Structure formats: C-alpha cells, structure tokens
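# Quick one: sequence plus predicted model below, questions after.
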Amino acid sequence: MASLLMKPQLGLSSLRTRRAAPNLAPRVVRVSAAGPYKSPLAGSSSELPRPFLAPSPQPVAEIVPSVAPQAASSGDAAPVKKYFGFEALTWAKIIPLGFMFFCILFNYTILRDTKDVLVVTAPGSGAEIIPFLKTWVNLPMAIGFTIGYAKITTVEEASQFYPLFGLGANVALIFSGQAVKYFSLVRANLPPGVDGWAISLNGLMGMVVIGGALITAIYWGLQRKVVPQIKSLREKKKKVKAKMSVGESFAFLAASPYIRDLALLVVSYGISINLVEVTWKSKIKAQFPNPNEYSAFMGEFSTATGIVTFAMMLLSRVIFKKFGWGVAALITPVMLLLTGLIFFSLVLFSDSVKPWLASLGLTPLYAAVLVGAAQNIFSKSSKYSLFDPCKEMAYIPLEDEVKTKGKAAIDVICNPLGKSGGALIQQFMIIGFGSLAASTPYLGGILLAIVLVWIGAAASLNK
C-alpha cells in the first residue's frame, strides 16, 4: 500500500536536455487518494493530471439496514386533529369565552336595569345622570372584555365566532330580562310592611354575584390552561400590528375619503343611540315612578330586545343576499330617523296629539315610552345583525395596508368617540340649559343632523 502511494520519478534529467528548467532535485511526494495533484514545483499553482494508480482492495464493511427517526419538516407535520372543522385549542378558547360573554351580558343587563331604577327614581336624581355614568364608568368597563378577548383570539377566529357571541349575548338578554321582571313582581306576594324593592334588589344582586364568580373562574382557567399554549404558538410566528397614535389616526382619516365615511358610520351610531335613550328613560320615570314597576318594565324591554335581535340576526342573511350591502347599511339609520322623529314629536307636541292618542287609549307620555322602547329595541337589534356586518364588509375592497391602518384609526378614535360622544353632548346640553327637558328640542335637532350625515356616508360607501 505504501509503495502504491509513492509518487514515481518523472525523468527530470530528460526534461533538462530538451528545455531549460529549474535545477531542482527530484523528490518523492505523498498524495492523497482523492483530489487533484499539486505540482511539486515551488511557486507553481498549476495542476497536473495524476497518474493512474490501481486502488488497493479495501475491506467491505457489512451494511446493516437500520431505520433512524427523522425530524418531521414543517411541510410533513402531522395534521392537527379537528372537531367540527376547528382545532381543539380553538374550542378550548371559544366555549369558555362564549359562556363568559353570556355571564357578562347577563350581569350587565341586570346591573344596567337596576342602575336605571336606582339613579333615575332616587330622590333628587333623574335621567340626567346617565350621560355622566356612560362616559366615566361604562366606557372603561366596556373596553375590558375587548382587551381580554384580543389577547387570546386571532382575527380569523374573531370573524368566525363573534357573531355567535352576539347570539349568545341575546339569549342572555332574554334570561336576564325575565329575572329582572320576576324579582320586580315578587312584591305582589309579600305581606304589608315589607320592603319589596329591597327583596328584589337582594335577589338580583345574588344572581350578579354568582355570575361574577363564574366569570372569574372561567378567566382563571383560561389564564392557567389556554393562554400559555397561545403564547408559545405566537412566539413562533409574530405578526407586526399597525399601531397609530391619535394624531396619526386623525391624519389618516382626513386623507382617505373612504375610511372617513366608514368612520362616520361608527361615530354616528354611537352618538345617535345615546341621544334618544336618555330622554326616553326620563319619560319612563314619569310613567313608572315606582321602582318595582320601573324595573319590571325594563325587564320586559331587555327580553324583547333579546328576542328581536335573535330574529334579526337570523333574518340578516336574507337581507344581505336579496337586497345587498347598500340596503342593509341604510336600514339602521333610516329606522333610527323615523322612530326618533316620532319620539321627539310625541315629547315636544304632546298637547297637539293628545286627542288623537286618547281615542287609542293612550296618553302622550305612555306613547312616547312605547315608541322610545321600540326605537331602542330595533336600533340595538339592527346594530348586531346589520350594522356590524356592514362595517366589516366595508373593509374588504381595501388594500391590506389601508385596511390595517383604517381599522387602527377607527379603533383609536371612532369607537371611543361614538360611545362617549352622545353622552358628552348631553352633558354640555344639561349644563348649558339647566335640565334635560329644556335641552330636548336641541337634542332632536342634533339627532336629525347626525342621522342625515350617517345616511350620506352609507350612500357614499355604496357607490
């Protein structure tokens, strides 16, 4: 073997006689079995062909077949098992969130109706306090569920399951409305001298405590069991979200007419629904000064809202399919405009319509209460079934960058402005004119202007 690997002498003496060459003594160079042969001439980088050498026989090792585990690539990963089309982790999020949403809406309805009874019928108080509560109490609390929901849910899951949450929420409205009505009517079976309102309040608050305990337990379970899995998945693939400051949001809204019209839809709904609601609740107080009667009426109102909204959500698909986006987007503002005009007409011109209403067995006050209830029921039901889907559909034609920035701008400015804008307007009106009744004509004019702007924005988006 060693002899075969020895480089033979190349006859440098014969080469010397033919041409001049450096006078170098021949030497033996060991070469490896592989690779080109390097010339032994100093300073030369040329390669010379290696002479053929017969290879020495090598012992052949016995090949034993073996199966080694191979790491699965991302493309060869085992498919994730799904249940009814969704992964197990998705169901682990959606089912608890849906039940949490039910409990939150159940508690919210009871507390909202009870709050109205307490603050509206209390001595020295009235419906004027509601705008202040909406701005400084309700708005911060309303953001809480949205923040928790966004932390553990993707955009795709939100688009698929949020409508189902709406259905669950309206079922909660039905149950909570009946609970409020039941405890409000307990007074009829109590002996004289017993404070029926206190008994009703204790029963309702007991249900709220149970609901709050369930919400806390569900949230604890999500944080312990589900959120760690979501964090580990999100660390593998992070998506940069578009975050915009308030100034950047205003600039973007001003620069894009399409996004500006979409923003007007969001702001107009939030303001207009609040302008009617507070005046309506002041009329409920006048019609039902007794707390139990007021509470029973609000329970019926909440139940009716849940039933109508549930039916509207089932009907909305037919409306979109048969009439399209434009008609669906105009239903909510047109309905608000018509019922708002009737409501404010009954409030402002009650003496003129009194004879006609008397023939129907109604008083102007009770008629205003019923029309205001219908306005709130249909506006809230159309909001969940038509307005929200129309708003999301309006983003579809946009490019990805415009869509992302538009949603960010509307989230930063329009959602808070719509929720608190109507309350802020009423606060300034009450402070400026001294009472809610004195500011009612101006609130009606503001409502008319805002709804007309809303209709114009919806028509512009439909072009």
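Noted; the coordinates are in hand.
# Pull the contacting residues for Gly421.
Gly421 makes contact with Val267, Gly270, Ile271, Asn274, according to CB atoms under 8 Å, 6 or more residues apart in numbering. For the C-beta atoms, the positions are set from N, CA and C on the backbone; glycine is no exception.
# Out of those residues, the closest to Tyr294 would be?
The shortest approach to Tyr294 among those belongs to Asn274, at 19.8 Å (CB to CB).
# Need the contacts of Gly421 in JSON lines (columns: pLDDT and distance to Tyr294).
Output for the contacts of Gly421, formatted as JSON lines (pLDDT from 0 to 100; distance: CB to CB, whole Å):
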{"residue": "Val267", "pLDDT": "89", "distance to Tyr294": "31"}
{"residue": "Gly270", "pLDDT": "85", "distance to Tyr294": "25"}
{"residue": "Ile271", "pLDDT": "88", "distance to Tyr294": "26"}
{"residue": "Asn274", "pLDDT": "82", "distance to Tyr294": "20"}
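# So which of those residues belong to helices?
Val267, Gly270, Ile271, Asn274 (DSSP state H).
# hey, where'd the strands end up in this structure?
In the chain, the strands defined using DSSP state E lie at 37-38, 47-48, 82-83, 86-87.
# Which residue lies closest in space to Gly326, excluding its sequence neighbours?
With sequence-adjacent residues excluded and distances taken as CB to CB, 6 or more residues apart in numbering, Gly326 is closest to Asn462, at 3.8 Å.
# what sits against the one you found?
Trp325, Gly326, Ala329.
# again, but for Asp113
Ser176, Gly177, Val180, Ser295, Met298, Gly299, Phe301, Ser302.
# quick one, what contacts the fifth one?
Met298 makes contact with Asp113, Asp116, Val117, Gly177, Val180, Ile284, according to CB under 8 Å, 6+ apart.
# May I see the residues you listed organised as JSON lines, with pLDDT added?
Below are the contacts of Met298 laid out as JSON lines (pLDDT from 0 to 100):
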{"residue": "Asp113", "pLDDT": "78"}
{"residue": "Asp116", "pLDDT": "75"}
{"residue": "Val117", "pLDDT": "76"}
{"residue": "Gly177", "pLDDT": "82"}
{"residue": "Val180", "pLDDT": "82"}
{"residue": "Ile284", "pLDDT": "90"}
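# With distance to Gly418 as added columns, please give those residues in a markdown table.
Putting the contacts of Met298 into a markdown table (distance: CB to CB, whole Å) gives the following:
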| residue | distance to Gly418 |
| --- | --- |
| Asp113 | 23 |
| Asp116 | 21 |
| Val117 | 26 |
| Gly177 | 25 |
| Val180 | 27 |
| Ile284 | 24 |
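# The residue nearest to Gly326 and Leu262, how far apart?
Distance from Asn462 to Leu262, counting by CB to CB, to the nearest Å: 12 Å.
# likewise Ala367?
36 Å.
# So between those two, which is more surrounded?
Leu262 (25 against 21; other CB atoms under 10 Å).
# Just give the closest residue to the more buried one, not the sequence neighbours.
Ala394 is the one closest to Leu262 (CB to CB, 6+ apart), at 5.3 Å.
# Next: Lys181.
Leaving out its chain neighbours, Lys181 is closest to Gly299 (CB to CB, 6+ apart), at 3.3 Å.
# returning to what we had before: out of the contacts of Gly421, which is nearest to Leu398?
Each of the contacts of Gly421 was checked against Leu398 using CB to CB; the closest is Val267, at 18.9 Å.
# Can you verify my assumption that that closest one contacts Lys419?
No. If you go by CB atoms under 8 Å, Val267 and Lys419 don't touch, sitting 9.5 Å apart.
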